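*Asks:* Build me a model from this:
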Amino acid sequence: MKHSPRSGFKVSANMPMDMYERPNILKQKNAFPPNFIHSLDSSHMMLTSLHCERQGITFVSVHDCFWTHANSVPELNRMCREQFVALHSQPILEQLSEFMRHTYSFKDSDFINDGSVEDLSKRQLNRTLKQLPQKGDFDLRNVLDSVYFFS
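*Replies:* Residues are numbered from 1 along each chain as shown. Alright, predicted model coming up:
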């Protein structure tokens, strides 16, 4: 470890990134969507495991693979589908959008109103944070009867 004069904390000498190097913004932007989806997948897994526990069904998982005893596969199949529908029936994108707006939007007092690039960029960010993708017409309850949801 060596002492960093800029920050006052110790940094490992074998750090893969120079501590003064700026983060790669494109990589950070590209990492958000798959990590968010992964968090939804793990939430689905946790909800399914909790419902299995309540029913006394053995549940084991690694990443997106769920296992149980052969005699309880039909129950796991049903619970997995029900929890998927329950989770994705929530206003997830709306809540994410609200969180992002609350956390990252600029207030009216943050604008100089001088037509500068900075002002325009702030306004563009606020517009972007308000946008939600249009929902399709798929009936999520169809998952409950889908042949290939879980195998």
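*Asks:* Correct me if wrong: residue 100 contacts residue 131.
*Replies:* No - contact criterion CB atoms under 8 Å: residue 100 and residue 131 do not qualify, at 10.4 Å. C-beta here means a position set from N, CA and C on the backbone, and glycine is covered the same way.
*Asks:* neighbour count winner among the two?
*Replies:* Taking other CB atoms under 10 Å, residue 100 and residue 131 do not tie; residue 100 has more neighbours (14 against 8).
*Asks:* Next, work out how far apart that one and residue 133 are.
*Replies:* Distance, residue 100 to residue 133, by CB to CB, to the nearest Å: 14 Å.
*Asks:* Likewise for residue 88?
*Replies:* 14 Å.
*Asks:* Between the two, point out the one with more neighbours.
*Replies:* Using other CB under 10 Å, the more surrounded residue of residue 88 and residue 133 is residue 88, with 13 against 7.
*Asks:* Next, the contact list for that one, please.
*Replies:* By CB atoms under 8 Å, 6 or more residues apart in numbering, the residues touching residue 88 are 40, 140.
*Asks:* let's go with 7 Å and repeat that
*Replies:* Residue 88 makes contact with residue 140 under the criterion CB atoms under 7 Å, 6 or more residues apart in numbering.
*Asks:* so what's it scoring on pLDDT?
*Replies:* Residue 88 is assigned 96 on the pLDDT scale.
*Asks:* distance of it from residue 109?
*Replies:* When residue 88 is compared with residue 109 (using CB to CB), they lie 38 Å apart.
*Asks:* Tell me where this structure has strands.
*Replies:* 2-3, 10-11, 60-62, 65-67 (DSSP state E).
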